[in-house]
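Student: quick one: sequence and predicted model below, then my questions.
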Amino acid sequence: MKGASSQAHASDLLCSVALDAQLSEGPEGVRRFLRCVYRASRPIPIGDLARSCQLPVPVAAAVRGELEKRNLVERRGGIAFTEKGKALAFDLGFSSIRRFTRPAYPELGEEFRVLIRRMELFCQYRPRVAVELDQSHATAETALRRAVYMFEQDAIEGRNVIILGDDDLTSLAIRLVAEHLEIDSPGLVVLECDTRLVDYLTEACEGDSGCTVLKHDLRENLPHDLLGRFDVFLTDPPYTIEGLKLFVSRGVEALQPVVRKQGFLCFGNRTPSGMSLVVRILAEMGLAPIEILPNFNTYVGAQVLAGVSQMIHTVSTSELLPGISGHYAGPLYTADR
């Protein structure tokens, strides 16, 4: 188990390397670089590493140079960790080299059959949908696919994750996938306004000290101790533009004010003009969409969404700014319009 002091030291190292390498992606860019080295499992050429990290080769070389100065990596026919680098990787939470199908949706093959059955049991006994809250339950496989996708994007290992509304039980799927991959579960906080779901998730998470479920209406400010605390947010908001703007605003407030923190947004497929509006709203809040996957999510009987919605993966810029702050009293759900 990693201590707070070792994690703080690791965080300081990332900041130091990013600063000295003049890396515009900041400490998250250094972390991504290190994770690519870790997952390579053998010395990796700088060109391959640059492609994996989505960095120009000269920039990747500058990061490598700063890591070499600190005796964290060395060249052995490619870039590899030193013993000190391996210790840093552990402090950052890296513990699995598994890879899943990319760039298409993660495929849940034979190995996930047991997990799907376990997830289906969770789904079978969850509270019925509250249509007035625009709830529409994602399938068990969808919840697991989200968790696998997040793992692949470095949004689980060693991360603090906040989920804004969880009638899809994605928090439980993340715990199942972490258990399956034999990695530590992330620090999870779930905010949910439906008392039935709060009770259900709390019972399901019993015994997991890393999972906290709180009853909270996102019309109200986030609890102060949640502001600027998280690496990742996930939300599947109401089907309205107002709902999207409010839920994402709370996610933005929860993120640490550092470049490349991540947001995962599940939202109904839109017309081109509708998607242009969605992207503009995200950009105005300092979120850059880096991948949009149509029909990623499948729902049980969601006629409003035609049974599917897209996954929008975003990263934060240096100018995070929530579109809505303070108490919100306007329309939110489909029934409010």
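Tutor: Nice, thanks for sending it over.
Student: which stretches of this protein have low pLDDT?
Tutor: Across the chain, the ranges flagged by pLDDT under 70 are 1-3, 101-106, 301-306, 337.
Student: mind giving me the domain ranges of it?
Tutor: Following automatic domain parsing, one gets these domains for the chain: 4-91, 110-336.
Student: now do the first one: distance to the chain's middle.
Tutor: Read it as domain 4-91. Averaging C-alpha positions (C-alpha atoms, centre = their mean, to the nearest Å) puts domain 4-91 21 Å from its chain's average.
Student: can you give me the helices in the stretch 151-300 of the chain?
Tutor: 170-180, 195-204, 241-254, 272-284 (DSSP state H, counting those that start in this stretch).
Student: tell me which of these sits nearest to residue 221.
Tutor: For the helices of the stretch 151-300 of the chain, the distance to residue 221 is smallest for helix 241-254, at 8.2 Å, taking C-beta to C-beta. Just so you know, the C-beta spots here come from the backbone N, C-alpha and C atoms, and that holds for glycine as well.
Student: hmm, back to that, any chance of the helices of the stretch 151-300 of the chain in JSON lines, with mean neighbour count and distance to residue 75 too?
Tutor: Formatted as JSON lines, those follow (neighbours: other C-beta atoms under 10 Å; distance: least, C-beta to C-beta, whole Å):
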{"stretch": "helix 170-180", "mean neighbour count": "23", "distance to residue 75": "33"}
{"stretch": "helix 195-204", "mean neighbour count": "17", "distance to residue 75": "47"}
{"stretch": "helix 241-254", "mean neighbour count": "23", "distance to residue 75": "40"}
{"stretch": "helix 272-284", "mean neighbour count": "14", "distance to residue 75": "40"}
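Student: can I get those helices in a markdown table including distance to residue 70?
Tutor: Output for the helices of the stretch 151-300 of the chain, formatted as a markdown table (distance: least, C-beta to C-beta, whole Å):
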| stretch | distance to residue 70 |
| --- | --- |
| helix 170-180 | 30 |
| helix 195-204 | 42 |
| helix 241-254 | 31 |
| helix 272-284 | 35 |
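Student: now do the strands in this structure.
Tutor: Here the chain has its strands, by DSSP state E, at 73-75, 79-81, 160-164, 187-192, 211-215, 232-235, 262-267, 287-298, 308-316.
Student: each with direction, which strands does the longest one pair with?
Tutor: The strands that strand 287-298 pairs with in its sheet are strand 308-316 (antiparallel) (by DSSP bridges).
Student: and the top helix by length along the chain, what's buried?
Tutor: In the chain, taking DSSP state H as the definition, the longest helix is helix 4-20. Along helix 4-20, these residues count as buried under the neighbour rule (16 or more other C-beta atoms under 10 Å): 10-11, 13-14, 17-18.
Student: show residues contacting it.
Tutor: Helix 4-20 has contacts (C-beta atoms under 8 Å, 6 or more residues apart in numbering) with 23, 25-31, 63, 66-67, 69-70, 72, 88, 91-92, 158.
Student: contact partners for residue 254?
Tutor: Residue 254 makes contacts with 162, 164, 222, 226-230, 233, as judged by C-beta under 8 Å, 6+ apart.
Student: do the same with residue 111
Tutor: Residues counted as contacts of residue 111 (C-beta under 8 Å, 6+ apart) are residue 180.
Student: against residue 98, how distant is it?
Tutor: 10 Å (C-beta to C-beta, to the nearest Å).
Student: same question, residue 248
Tutor: 30 Å.
Student: still on that earlier bit, from the contacts of residue 254, pick the one nearest residue 195.
Tutor: Among the contacts of residue 254, and counting by C-beta to C-beta, the member closest to residue 195 is residue 164, at 16.6 Å.
Student: near the closest residue to the closest one other than its chain neighbours, how many other residues are there?
Tutor: Spatial nearest neighbour of residue 164, chain neighbours left out: residue 235 (4.0 Å); criterion: C-beta to C-beta, 6 or more residues apart in numbering. If you count neighbours by other C-beta atoms under 10 Å, residue 235 ends up with 25.
Student: beta-bridge partners for residue 235, please?
Tutor: Beta bridges link residue 235 to residue 164, residue 265 when assigned by DSSP bridges.
Student: shouldn't it be in contact with residue 165?
Tutor: Yes - applying C-beta atoms under 8 Å as the test, residue 235 and residue 165 come out as touching, 6.1 Å apart.
Student: list residues touching both of those two?
Tutor: Common neighbours of residue 235 and residue 165 (C-beta under 8 Å, 6+ apart) are residue 247.
Student: between the strands of the chain, which one is nearest to residue 123?
Tutor: Closest among the strands of the chain, using C-beta to C-beta: strand 287-298, at 12.3 Å.
Student: which residues touch the closest one?
Tutor: Here strand 287-298 has contacts from 103, 105, 138-139, 141-142, 145-146, 149, 236, 248, 252, 263, 266, 269, 275, 279, 282-283, 307-317, 320, using C-beta under 8 Å, 6+ apart.
Student: now it against helix 241-254, angle please.
Tutor: Relative orientation of strand 287-298 versus helix 241-254 (axes from the mean of the first three to the mean of the last three C-alpha atoms, to 10 degrees): 120 degrees.
Student: figure out how far strand 287-298 is from the centre of its chain.
Tutor: Per C-alpha atoms, centre = their mean, the centroid offset for strand 287-298 relative to its chain is 12 Å.
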